[in-house]
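In: My questions are about this predicted structure, shown below with the sequence.
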Amino acid sequence: MKRKNGFMKSSIKGLGIILRSEPKMLLIQCFLSGVHGLSWVLQVVFIQRFFDSAQGLVQHEVEFNTVFFSMIFMVLAYIFTQVMNGIENYHGTILDLAMTKHRQLQIFKKIDQQSCLEFEDPTRLDYINKAISGGESLVWVTLTLVDSIFFYTVYFFSMSIFLFTLQPILSMSVLFVFIPCVISNMIQHKTFGELEESSAPIRRERDSYLEFVTDLKETRLLGATKYFEKLYYNSLKMLNRLLFRAQLKKNLTTLSFDILNVIGYGIILFMIFLFVMRQEITVGAFVAVLTSITALFNFMEEVISERLGWAFENVASLENYLSFVNEKFEDKMNQEFNMIEGISFENVNFMYPGAEKKTLQKLNFHIKKGETIALVGENGSGKSTLCRLILGIYPPTDGEVKIDDNLIQNISRDQSSAVFQNFCKYKMTIKENISISDINVNLTDEKLFALCSDSGIILDDENIEKGLDTMLGRDFDGIELSGGQWQRIAIARALFRKGQLIILDEPTAAIDPLEETRLYNKFIKICQDKTAVIVTHRLGAAKIADRILVLKDGYLIEGGSHEELMKNQGEYKRMFEAQNQWYV
């Protein structure tokens with residue numbers, strides 16, 4: 001991960017994203033910001049005119065009407081300033097809401113381009129987590145640059161000209177305020193950049209423990225709530241300690257430079273007092289300068305200590321987002337899935353990121369097109385990992401996985417489907433849950449009814465009142481299904497997708513053995529023209545496969561039909577007989 005672009009470069013990149021996404025809204029924001037800055041200068045000008053006219057009235061040099069209209073214009077200038085402040089802030093909020101859609105689409109697109117293996121890497125997960133968090137700062141960090149150019153620069157430049165026309169030396173007062181604030185916030189930027197780097201892993205731990213604490217079922221049943229509460233508060237304490245150190249350094253720095261600002265402010269007040277005593281400026285000019293200098297200090301404090309200070313604190317987070325969405329990916333899946341011969345593994349090894357031991361080792365085998373394979377083995381033998389390599393979700397660490405003569409990581413996945421152990425439970429209707437696997441297919445209720453029947457989904461159940469249009473999940477006032485019913489939905493979803501390869505990774509764990517056998521027999525008939533891989537712990541169900549592959553500790557130790565493996569007197573026969581005694 002490459003960062004350290006700094007506030008200016010990151011803001012310019014953010015500005016480019018907003019300009020491409022919402023150009024009209026950005027231009028309107030720039031215009032409003034500039035007009036808002038000028039409105040504050042108008043205040044000072046009309047204040048001077050009002051007090052000069054009031055002094056002229058006392059000295060019988062002007063009429064009362066002149067004073068009255070000067071007062072009206074001064075009040076209108078105040079009102080105009082407040083209206084512009086509200087409009088600019090309101091429009092900025094609307095722009096942020098509008099950019100939320102674009103920002104999230106960028107994140108979704110980049111996440112979709114990631115290799116699934118990257119989600120097994122904690123370092124990469126931290127990076128993605130920081131990128132998602134950093135995207136929330138996109139608009140407001142960028143608008144800090146917009147306001148710095150169109151509001152603060154317009155205001156400070158105009159005020160410098162106004163002060164110069166009164167007394168050239170007064171225009172230098174801007175520097176008395178500007179320099180200490182800039183140095184202070186350069187120090188703060190470095191401090192909060194370091195904080196962002198060190199706090200991300202701890203934040204992820206804290207959020208994970210909070211999820212466990214709020215689990216009302218298993219965690220409470222295990223009596224582990226107190227344990228996770230302790231872990232949560234420990235991580236929270238570590239996070240607060242890092243934040244406290246950063247805030248302490250920030251506040252001490254701010255205090256030091258605030259003292260310099262107060263000294264500068266005192267010098268300026270003394271100067272304008274002398275100018276009035278020498279009658280080098282009018283009373284109106286004195287009031288206007290006093291007002292402008294006060295506003296100048298307030299704005300400088302706002303732009304440097306608050307706006308830029310906040311931006312410097314969050315720019316490190318924004319840089320994570322910009323770095324992530326600007327990553328370049330080469331789309332290697334540019335070949336169509338068109339299996340002619342089958343899938344081959346050639347000297348394949350696989351090891352997860354950060355692991356010390358290979359999960360799969362020295363795999364050499366071939367799956368013929370149209371063949372049904374059963375993968376069996378003890379827990380941890382590598383069955384699920386092998387399924388992900390067959391699908392091309394994970395690339396091998398060593399060796400090659402090919403469909404015919406083409407590397408599987410270069411082949412599109414539009415002809416493959418799968419049901420994993422941790423399948424998704426989509427909070428949608430039954431029809432949507434099934435058809436989401438291939439949304440381009442023309443739906444017919446007859447086809448879906450037949451598929452539900454094949455998958456064991458009973459649509460005339462008394463709980464499923466609306467048939468295919470029944471909403472699933474309590475979140476949207478739908479019905480909640482049992483684990484077995486959800487698994488049937490997932491199986492139907494995989495079967496609905498028209499493709500050449502299908503994998504069932506223990507999708508029937510919550511279904512009784514008799515129903516599992518029925519489902520698998522039905523599955524074999526449906527998948528006669530497909531290449532299929534079934535992962536199961538129940539070896540009785542494995543007999544329906546054309547060939548059985550036996551994994552142990554990451555190695556492929558046996559392969560063949562049920563009858564052949566039973567004759568081998570090997571691992572398969574041992575496991576089969578161990579299970580068989582429970583059913584005899």
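Out: Looks like it arrived, so ask away.

In: Give me the helices and strands touching the longest helix seen in the chain, please.
Out: Looking across the chain with DSSP state H, the single longest helix is helix 225-277. For helix 225-277, the packing partners by 3 or more Cβ pairs under 8 Å, 6 or more residues apart in numbering; DSSP states H and E come out as helix 173-213, helix 283-300. C-beta: built from backbone N, CA, C; applies to glycine.

In: Pull the distance from the last one to the chain's centre.
Out: What that stands for is helix 283-300. Relative to the chain's own centre, helix 283-300 is displaced by 45 Å; criterion: Cα atoms, centre = their mean, to the nearest Å.

In: before we move on, what about stretch 399-407?
Out: The answer for stretch 399-407 is 34 Å, by Cα atoms, centre = their mean.

In: now that stretch: mean pLDDT?
Out: Average pLDDT, stretch 399-407: 91.

In: likewise stretch 130-148?
Out: Stretch 130-148 comes out at a mean pLDDT of 86.

In: Just the buried positions in that stretch, please.
Out: 130-148 (16 or more other Cβ atoms under 10 Å).

In: thinking again about what came up before, so the longest helix of the chain versus helix 283-300, what angle?
Out: 160 degrees (axes from the mean of the first three to the mean of the last three Cα atoms, to 10 degrees).

In: Among the helices and strands packed on helix 225-277, show the one with the smallest mean pLDDT.
Out: Across those, helix 173-213 gives the lowest mean pLDDT, at a mean of 66.

In: how does this protein divide into domains?
Out: As assigned by automatic domain parsing, the chain contains the domains 6-325, 342-580.

In: Which of the ones you listed comes out lowest on mean pLDDT?
Out: Lowest mean pLDDT within the domains of the chain: domain 6-325, a mean of 80.

In: end-to-end on that one?
Out: 17 Å (Cα to Cα, to the nearest Å).

In: The helix or strand where residue 487 lies: which residues count as buried?
Out: Using DSSP states H and E, residue 487 falls within helix 483-496. Residues of helix 483-496 classed as buried: 485-496 (neighbour count, 16+ other Cβ under 10 Å).

In: if you skip the residues just before and after it, what's nearest to residue 40?
Out: Excluding the flanking residues, the one nearest residue 40 by Cβ to Cβ, 6 or more residues apart in numbering is residue 155, at 5.5 Å.

In: Quick check, the one you found in contact with residue 299.
Out: Yes: in this structure, residue 155 is within contact of residue 299 by Cβ atoms under 8 Å, at 6.4 Å.

In: More neighbours: the two, which one.
Out: residue 155 (24 against 20; other Cβ atoms under 10 Å).

In: what sits against that one?
Out: Residues near residue 155 by Cβ atoms under 8 Å, 6 or more residues apart in numbering: 37-38, 40-41, 299.

In: Turn the domains of the chain into CSV, including distance to residue 336.
Out: Output for the domains of the chain, formatted as CSV (distance: least, Cβ to Cβ, whole Å):
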stretch, distance to residue 336
domain 6-325, 19
domain 342-580, 6
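
In: check which helix or strand covers the residue lying farthest from the centre of the chain.
Out: Taking Cα atoms, centre = their mean, the residue of the chain most remote from its mean C-alpha position is residue 60, at 68.6 Å. Following DSSP H and E, there is no helix or strand that holds residue 60.

In: what does residue 26 give?
Out: Applying DSSP H and E, one finds residue 26 within helix 23-58.

In: does residue 143 sit in a helix, a strand or a coil?
Out: helix (DSSP: H, G, I helix; E, B strand; the rest coil).

In: ok, it touching residue 29?
Out: Yes: contact status for residue 143 versus residue 29: in contact at 6.9 Å, counting by Cβ under 8 Å.

In: can you list residues touching both of these two?
Out: Joint contacts of residue 143 and residue 29 (Cβ under 8 Å, 6+ apart) are 92, 95.

In: Pull the number of nearby residues for residue 522.
Out: 16.

In: just residue 20 next, same as before
Out: 10.

In: quick one: what helix or strand has it in it?
Out: Going by DSSP H and E, residue 20 is in helix 6-21.

In: got it, and residue 127?
Out: When elements are assigned from DSSP H and E, residue 127 belongs to helix 122-135.

In: Not counting that helix itself, show me its contacts.
Out: 1, 103-104, 106-107, 110-111, 114, 118-119, 196, 200-201, 203-204, 314, 316-325, 353-354.

In: now do stretch 380-398
Out: Outside stretch 380-398, the residues that reach it (Cβ under 8 Å, 6+ apart) are 115-117, 333, 343, 345, 347-351, 358-360, 363, 367, 375-377, 401, 408-409, 411, 413, 416, 418, 420-421, 501, 503, 505-506, 533, 535, 551-554.

In: Repeat that for stretch 343-353.
Out: 117-118, 120-121, 123-124, 357-367, 382, 385, 389-390, 394, 396-403, 408, 501, 531.
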